[in-house]
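In: Just the structure for this:
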Amino acid sequence: QVQLVESGGGLVQPGGSLRLSCAASGFTFSSYAMSWYRQAPGKGRELVAHITPLGPNTNYADSVKGRFTISRDNAKNTVYLQMNELKAGDTAVYYCYGEHAFIATMWYWGQGTQVAVSS
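Out: Next up is the predicted model:
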């Protein structure tokens, strides 16, 4: 059974940090590019960060560049999102997403984890 399980969300004050984790199971993790998306209330889902299957290449939304870092540990089947200098505008549900590097029809979503930035 394929699963992507996010954890690490919560309430944090502006300027604070959180580290999200996404544990994968049921598929060959190292064959999948992994991404973090987020969806704020009343808005569409947007790409936050992306990492290639073996991890050397990453890219970020302009709004999080320099503050967020995506990484992965293929031995642990886990992708991470380190979020620093959090702002109120980062408040959203954060979703983990995996897509096979070569097979476009193989992709999976996690259930999401809530991040709230408020004083």
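In: Next up, phi/psi of the residue sitting nearest the centre point of the chain, please.
Out: Per Cα atoms, centre = their mean, the C-alpha nearest to the average position across the chain is that of residue 36, at 2.6 Å. Per-residue torsions, residue 36: phi -110, psi 130 (degrees, to the nearest 10).
In: which residues touch it?
Out: Applying Cβ atoms under 8 Å, 6 or more residues apart in numbering, one finds that residue 36 lies in contact with 20, 22, 47-50, 70, 79, 81, 94-97. In short, each C-beta sits where N, CA and C put it, glycine included.
In: in the sheet, who's paired with it?
Out: Beta bridges link residue 36 to residue 49, residue 96 when assigned by DSSP bridges.
In: Same question for residue 24.
Out: Following DSSP bridges, residue 24 is listed with bridge partners residue 4.
In: What is the neighbour count of the residue nearest to residue 61 when sequence neighbours are not counted?
Out: In this structure, residue 61 finds its nearest non-sequential neighbour in residue 48, 5.4 Å apart by Cβ to Cβ, 6 or more residues apart in numbering. By the criterion of other Cβ atoms under 10 Å, residue 48 has 22 neighbours.
In: cool, the one 3 residues further on as well?
Out: Other residues near residue 51 come to 22 when the count uses other Cβ under 10 Å.
In: Verify the stated contact: it with residue 70.
Out: Yes: taking Cβ atoms under 8 Å as the definition, residue 51 is a contact partner of residue 70 at 4.8 Å.
In: what sits in contact with each of these two?
Out: When contacts are counted by Cβ under 8 Å, 6+ apart, residue 51 and residue 70 are jointly contacted by 34-35, 58, 79.
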